[in-house]
Every structure is written in structure tokens, then in C-alpha cells.
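A.B. asks: Any chance you could fold what I've pasted below:
(one chain, ligands or ions: 2)
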Amino acid sequence: MQALAGIDDSEELSSVSGPRRVTVLGATGSIGRNTLDVIRHFSAREDFRVVALTGMANVELLAAQAIEFGAEIAVTADEEKYHALKAALAGTGIEVAAGSLALEEAASRPSDWVMAGIVGIAGLAPTLAAARAGGTIALANKECLVSAGDLFLAECASSGSAVLPVDSEHNAIFQVLEQNQRHAVERIILTASGGPFRDWPMARMADVTPQSAAAHPNWSMGMKISIDSATMFNKALEMIEARHLFAVEPGQIEVVIHPQSVIHSMVGYADGSVLAQMGSPDMRTAIGFALAWPRRAHVPVERLDFAKLSRLDFEAPDEQRFPALRLAREAMTAGGLAGAILNGAKEAALDAFIEGKIGFLDIARAVEDTLDHLGPGEEPDTLEAVFEADRSARETALKLMVA
Ligand code: NDP
Ligand code: MG
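C.D. replies: Ligands and ions are numbered 1, 2, ... in the order given. Down below sits the predicted model:
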């Protein structure tokens, strides 16, 4: 295919001299596998040195990835998987480690670019370790910002670590934000597919199973984020994420249901202009954007065909059936530790739903009850305060779910 005028596809992607050092936290997950796919694709034009790859349960895949990419170290977060990983990498010269401290140590090894692709609050400590080491953080994990937004961003600022949003909505906003016009940003409009139960009546939603909740209509993602999309807690987390990333007030963040997932989000400016970023629902665009940044490079995703697309729909979210959005707005307004509590309670309730202990509609109920019970608390000034709030939110949610 002929290159577009102005885009020289033969150019090296990075200005770093020598191979670019990259680390993928959560390499075995949906984001991690997509990231390695993009690295594989970019490798035709750029030299990468893979420093660390991490996973948890899937050590067979982790070992295969470490061998393919010649990683310096492979780490499983699960200490019980150490021997299996060690055996799978015997004779390769690749270092092997296990456990949460090893994960943080590997994350803190000098890297130019780190993908934060671990799911849940478990991603916070390793992502912070990577941020303290000063490399660019490609941030897929949203819980770092939801639970510890100000602390996390302050750590990144003090180490000089750039944060590039990978969550597709925030990546879209980042792409269309005109940096010199920040004062004129009126609103951030997050699009939401509405998930598989977008137009279901409440009575029918009460009986859904984890399997049907995990079947996202447009995006292929890990199980937990897919179920979060069905409850719209994913969008709730994304509202809080946007507040921190783009320093906007809660009242400036809107959510609109857009079932086709073609517009990935929008920014509204003071003159009435609305800028949108569009693309196929494929995370490799956002990942490729973050890996090539500040340039753009070829990413092999399906191109939008507007003739086939024919229509884009929009509707207001129904906060009766999806209370998560209201809870996010209340948590943002309350401040303090409300984000950490909302997320901790949500993770506990989500696990309980996956284990069949509570129903689908009980997830939001448990989060709301936990927030009411604990109150927002003080703004945290240490990470320990965030972990403590997370622990107590889980405990409280579990108790309230049983009651
Ligand atoms: P997955 O469940 O597919 O993958 C999660 C990764 O984290 C796996 O490598 C998993 O290892 C590892 N992991 C799981 N638990 C732990 C733990 N306790 N400690 C350390 N590592 C752990 O998740 P996704 O890739 O879908 O999502 C990753 C993050 O990115 C989430 O925060 C999500 O919200 C966010 N995100 C994801 C998108 C997507 O398209 N998937 C889109 C936007 C944001 P193993 O599999 O070996 O057990
Ligand atoms: Mg998203």
C-alpha cells in the first residue's frame, strides 16, 4: 500500500538510541497479549528489548511469551506457580521470580516504556514501582487512578514518568485534547456501549449469569472488565479516571450510550465544537498509539468502513437500572477515599457474583451500602491509607452482602 503524503513508514519509531526497553505487566491478559502483538508488529522497524513480562495463573503462556520475546525476567504474582514457571523456562537463561515483591522489583527495573495491564487494585503497587523508576507508563489499569489518583500522579510527576492513557475512552480524549486549549475544555463526553443488557428490563437483569454478563457486544476483553461493562461500573471507574487524568470537575464529565462503539469518546470546547476520536473497537489502536507516541505508526486493525457502518446511535444512560454512574458522581463529589472504597467494594462484589454468591443487581447495592456505611474518609496522603481503605471496603462489602 502506498504511504500517505507526510507519513514516512520507513522511519524508526523511537528516538531512543539502541533498543527500546519495554516491560509488560499483566502480559498474559487481554491487554498484555494485545500489547505483545503490537510489539511484534512494530519490531519490523524498531529494536525492542523486553525487560520484564509478568502474569499470575497462566505460567505456560507467560513462559512461551518470555521465550518468544527474549525477556530478561518472567514473574508470576502467584508464589505457588514458581516451580511450574521455573521448569517451563529451564535452560533458557531467563530469570524467574514469583510473588508480589518480585513483581514490584521487576516493574522497577529500568525500562523506557511499561504497559500497566494488571487487572484490579493488584496493579497499583507494581505500576507505582514502575512509575518511580521514571519510564513512560502506558496505563490500561484504571484502578491506579480510581483508588489513588492524586498520589499516583504525584509520584509520576516527581519521577518524570509520562502517563499515556490506554483505556480506549481516555486514549481517545488524549488524542483530541488540544494541549494549548485546555482552558477552553467545557466537557468530556465518555461513550459507553451499554453492555449486553443495555435495553433489558430490571426484572430480567436480576437473573443474569456471569457467563452472559461477560459477553460484551463489541469489545473482546478480560472477564472482569467485561462484567464491569455490563453493570456499567466500568464507565463509573472511567469517570473517576477521567477526572484525574484531565483535571476536570465531576460536573464536566458526561456519559452517553453509543451502542456501536465507533466513537471512543469526545471533548466539547467553549465555542461549541465537539471533537471525537473514532476507530474499530480494537485495543491495539490505543496500545499502538501509546507505543509510537509522540508519533503515529501503522497498526494492523480493521479500518472503519463508513458505508457499511451507516448509522451511529446515541442515548442517555438509565441510572435506575445502572446506578454505578450515580455512585461514581457521588464518590467524586465526596472525594477523600471514596474512589478507593467504591473500587474495593466493587471488586469484592464482582468476585462474589462470579462465584455465584450474589445476583447481578446486588453488585451495585453492595457498593452503595459500603459507601454509605464507611463514608468517604480523609484524602489519603500515603499509599498505605489507600490499601487500608481497599481492605476495609472489601470486608464491609462482604459483611453487608451476607446480612
Ligand atoms: P485480564 O484479566 O485479561 O488480564 C489480567 C492480567 O493481570 C493477566 O496477566 C493476569 O495474569 C494478571 N493478574 C491477575 N490477577 C493478578 C494479581 N493479583 N497480581 C498480579 N497480576 C495479576 O484483564 P484485562 O487485560 O482485560 O485488563 C487489564 C487492565 O486493563 C484492567 O485494569 C482493565 O480494567 C484495563 N483495561 C482493559 C481493557 C481490555 O480491552 N481488556 C480495556 C481498557 C482497560 P493471568 O492471566 O496469568 O492469571
Ligand atoms: Mg474503556
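
A.B. asks: How about the contacts made by the residue of the stretch 1-150 of the chain found nearest ligand 2?
C.D. replies: As assessed by Cβ to the ion, ligand 2 sits closest to residue 142 within the stretch 1-150 of the chain, at 7.6 Å. Placement of C-beta: from N, CA and C, glycine included. Taking Cβ atoms under 8 Å, 6 or more residues apart in numbering, we find residue 142 in contact with 167, 237-238, 241.

A.B. asks: check contacts around residue 161.
C.D. replies: By Cβ under 8 Å, 6+ apart, the neighbours of residue 161 are 130-137, 155.

A.B. asks: Buried members of those into PyMOL, please.
C.D. replies: Selection of buried members from the contacts of residue 161 for PyMOL, criterion 16 or more other Cβ atoms under 10 Å:
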select buried, resi 130+131+132+133+134+135+136+137+155
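
A.B. asks: Okay, and which of the contacts of residue 161 map to strands?
C.D. replies: 136-137 (DSSP state E).

A.B. asks: Need the contacts of residue 161 in a markdown table (columns: distance to ligand 2 and pLDDT).
C.D. replies: Below are the contacts of residue 161 laid out as a markdown table (distance: Cβ to the ion, whole Å; pLDDT from 0 to 100):
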| residue | distance to ligand 2 | pLDDT |
| --- | --- | --- |
| 130 | 21 | 98 |
| 131 | 21 | 97 |
| 132 | 26 | 97 |
| 133 | 26 | 97 |
| 134 | 26 | 96 |
| 135 | 23 | 96 |
| 136 | 20 | 98 |
| 137 | 17 | 98 |
| 155 | 23 | 96 |
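
A.B. asks: pretty sure residue 171 contacts residue 279?
C.D. replies: No - under the criterion of Cβ atoms under 8 Å, residue 171 is not in contact with residue 279, lying 9.7 Å apart.

A.B. asks: tell me the strands in the stretch 1-150 of the chain, going along the chain?
C.D. replies: 20-25, 48-55, 73-76, 95-98, 113-116, 136-139 (DSSP state E, counting those that start in this stretch).

A.B. asks: anything in the longest one near ligand 1?
C.D. replies: This means strand 48-55. Yes - for strand 48-55, a contact with ligand 1 is found by Cβ under 6 Å from any ligand atom, at residue 55.

A.B. asks: Could you tell me how far that strand lies from the centre of the chain?
C.D. replies: In terms of Cα atoms, centre = their mean, to the nearest Å, the centre of strand 48-55 is set 19 Å apart from its chain centre.

A.B. asks: helices or strands up against it?
C.D. replies: With contacts defined as 3 or more Cβ pairs under 8 Å, 6 or more residues apart in numbering; DSSP states H and E, the packing partners of strand 48-55 are strand 20-25, helix 30-42, helix 59-69, strand 73-76, helix 100-107.

A.B. asks: if I pick residue 368, what's in contact with it?
C.D. replies: 323, 327.

A.B. asks: pLDDT wise, what is it at?
C.D. replies: The model reports residue 368 with a pLDDT of 98.

A.B. asks: Tally up the residues packed near residue 157, please.
C.D. replies: Counted with other Cβ atoms under 10 Å, the neighbours of residue 157 add up to 12.

A.B. asks: now it: how far from residue 43?
C.D. replies: 31 Å (Cβ to Cβ, to the nearest Å).

A.B. asks: now residue 102
C.D. replies: 27 Å.

A.B. asks: How about the residue of the stretch 251-400 of the chain found nearest ligand 2, nearest residue that isn't a chain neighbour?
C.D. replies: Nearest residue of the stretch 251-400 of the chain to ligand 2 (Cβ to the ion) works out as residue 264 at 8.1 Å. Among residues not flanking residue 264 along the chain, residue 172 sits closest, at 3.6 Å (Cβ to Cβ, 6 or more residues apart in numbering).

A.B. asks: can you tell me the helix or strand for the one you found?
C.D. replies: helix 168-176 (DSSP states H and E).

A.B. asks: any idea of the angle the strand or helix carrying the residue of the stretch 251-400 of the chain closest to ligand 2 forms with helix 168-176?
C.D. replies: Residue 264 is part of strand 263-269 when elements are defined by DSSP H and E. Relative orientation of strand 263-269 and helix 168-176, computed by axes from the mean of the first three to the mean of the last three Cα atoms, to 10 degrees: 50 degrees.

A.B. asks: Return the distance of strand 263-269 from the chain's centre.
C.D. replies: Distance, stretch centre to chain centre, for strand 263-269: 18 Å (Cα atoms, centre = their mean).

A.B. asks: Can you list the residue ranges for strands in the stretch 251-400 of the chain?
C.D. replies: With DSSP E, counting those that start in this stretch as the criterion, the stretch 251-400 of the chain has strands spanning 253-257, 263-269, 274-278.

A.B. asks: So is the last one next to ligand 2?
C.D. replies: No - Strand 274-278 does not reach ligand 2 (Cβ under 5 Å from the ion); its nearest approach is 12.6 Å.
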